[in-house]
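Asker: Attaching a predicted model along with its sequence, questions to come.
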Protein chains: 2
Amino acid sequence: MPRVADHDQRRALLARAFQRLLATRGFADVSFARVAAEAGVSVGLIQHYFTDKDALLRFAYEDAVNRMSDRVRVRVRNGEAAGLPFADRLLDTLVELLPLDAERDVEYRVRQGLQAQALHHPGLADVARRAGGDLLGYVRAVVERGKESGDVAPGVDAVLAARAILATVQGLADQVALSGPDAFPARDVLRPVVAAVFTG
Amino acid sequence: MPRVADHDQRRALLARAFQRLLATRGFADVSFARVAAEAGVSVGLIQHYFTDKDALLRFAYEDAVNRMSDRVRVRVRNGEAAGLPFADRLLDTLVELLPLDAERDVEYRVRQGLQAQALHHPGLADVARRAGGDLLGYVRAVVERGKESGDVAPGVDAVLAARAILATVQGLADQVALSGPDAFPARDVLRPVVAAVFTG
DNA sequence: CCGGTAACCATACCGCCGTATCGCTTCAGG
DNA sequence: CCTGAAGCGATACGGCGGTATGGTTACCGG
């Protein structure tokens, strides 16, 4: 066996370069040549680690949604230790998904690019569906926790309530991205929607 | 003066072809050649009516959002004649924005394509912002009508409430597009969000 | 009826795209 | 220590993108 390299690390390097370009220049401007330049490697290297462009797309998007999903998961779990009410903790977590600062904006743009591509690309649609399912699961779990503690009325459907909250976050993200973070108080828009579920 | 043609009609013909392609094949697959083929004309004709690709993009997107905006406006106005409560009429109108059938799906995909492009294209961002502002205005007007009639509590901010409702619709549209129209009852998800504003 | 302008098409051009291929370098295993 | 497989880069190639250009057709005004 010859010269070895950490495949996962190499792939991640390229995926991050892809994501930076997607966020800053848009999907139309992402090419192998530009990703290579951004990552400081040759075009050939990308070919070495990804069979074709679809493989790079898919990996880069999966990497992005995994990192986002992980962030939400640990934030939800960490929140359990603190004594804050469910609604406040959930709101804090969800506001982090909005493109209110530069870092979240990059994350949002990658997500948005994925969503747009997924509409015409079955493979990416799978990635997007799985990511959406993960998020839905986390929020649903919080809602059910709320039902046990009495913060949520027993009659509400946890899945539909979670869908409503997540939909608002997603649409709000689009509004923020379009109008800028200071155009309106996004948190104040989201709060009543969460409060309509967590009435305790 | 020689041979005349209706410029507006010609431009609309090309814009519609562009929109059909965007919806069915995705933005990446839309080229002058394909738009020309879809419209049944030559590539040169497109050049004759649009200076460059940006002009076609912008016109096609403006045409799409104008038609959508008109549809919502007349629906809101027509609803005033009927005796239904504000909340029900608003809900009916907003559900029409979701990609629940083939026709609305095309409309959604064009809107989604515009939103995605707008993130990296100032000119299109203007179009998207204006379209969003129009929609916000209509919903805001309905909310204020509701305040006058007592269906909406006096304390609520009409703009923020309208933003919340529209954000939910937009995010819900993404969910429906990803999971299909039968994956979950979209109308039932949206209803409580509207009902949280129209409490009368 | 005829000159001229606009409508429209065909095609040529150049650049960038993704991909294929080849060559050089580096190092683990026998 | 030397051999060969993997890491990696340079470059070539075919295709398709948007755009430029020239020609042909159809029609209005005088």
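Answerer: Perfect, I can see it now.
Asker: any residue of stretch A:104-117 up close to chain B?
Answerer: Yes - using CB under 8 Å from any CB of the partner chain, stretch A:104-117 reaches chain B at A:109, A:112-113, A:115-117. (Each C-beta comes from the backbone N, C-alpha and C, glycine too.)
Asker: just stretch A:44-57 next, same as before
Answerer: No - residues of stretch A:44-57 contacting chain B under CB under 8 Å from any CB: none, with a closest distance of 10.8 Å.
Asker: Which residue ranges make up each domain of chain A?
Answerer: A:1-50, A:56-197 (automatic domain parsing).
Asker: of all the residues of stretch A:104-117 next to chain B, which comes closest to chain B?
Answerer: residue A:116 (3.9 Å; CB to the nearest CB).
Asker: my guess is that closest one contacts residue B:112, does it?
Answerer: Yes - assessed by CB atoms under 8 Å, residue A:116 is found in contact with residue B:112 at 6.1 Å.
Asker: which of the residues of stretch A:104-117 next to chain B are buried?
Answerer: For the residues of stretch A:104-117 next to chain B, a burial check counting by 16 or more other CB atoms under 10 Å in any protein chain shown picks out A:109, A:112-113, A:115-117.
Asker: Next, the buried residues of the lowest-mean-pLDDT helix or strand in chain A.
Answerer: Scoring the helices and strands of chain A by mean pLDDT, DSSP states H and E places helix A:53-81 at the bottom, with a mean of 92. Of all the residues in helix A:53-81, those buried under the rule 16+ other CB under 10 Å are A:56-65, A:68-69, A:72, A:75-76, A:79.
Asker: roughly how far apart are the residue nearest to residue A:101 when sequence neighbours are not counted and residue A:98?
Answerer: With sequence-adjacent residues excluded and distances taken as CB to CB, 6 or more residues apart in numbering or on different chains, residue A:101 is closest to residue A:181, at 7.2 Å. Applying CB to CB, to the nearest Å, one obtains 8 Å for the distance of residue A:181 from residue A:98.
Asker: which bits of chain A sit near DNA strand C?
Answerer: Contacts of chain A with DNA strand C, taken as CB under 7 Å from any atom of the strand, map to A:1-4, A:29-34, A:43-44, A:47, A:52-54.
Asker: Apply 6 Å and report the result again.
Answerer: Neighbours of DNA strand C within chain A, by CB under 6 Å from any atom of the strand: A:1-4, A:31-34, A:43-44, A:47, A:52-53.
Asker: What about the residues you listed, which one has the most neighbours?
Answerer: Highest neighbour count within these, by other CB atoms under 10 Å in any protein chain shown: residue A:32, with 19 neighbours.
Asker: give the contact list for that residue.
Answerer: Applying CB atoms under 8 Å, 6 or more residues apart in numbering or on different chains to residue A:32 gives the contacts A:43, A:46-47, A:53, A:56.
Asker: And residue A:10, by the same measure?
Answerer: A:45, A:49 are the contacts of residue A:10 under CB under 8 Å, 6+ apart.
Asker: separation between it and DNA strand C?
Answerer: 15 Å (CB to the nearest atom of the strand, to the nearest Å).
Asker: Where does that residue fall, secondary structure wise?
Answerer: Applying DSSP states H and E as the criterion places residue A:10 in helix A:7-25.
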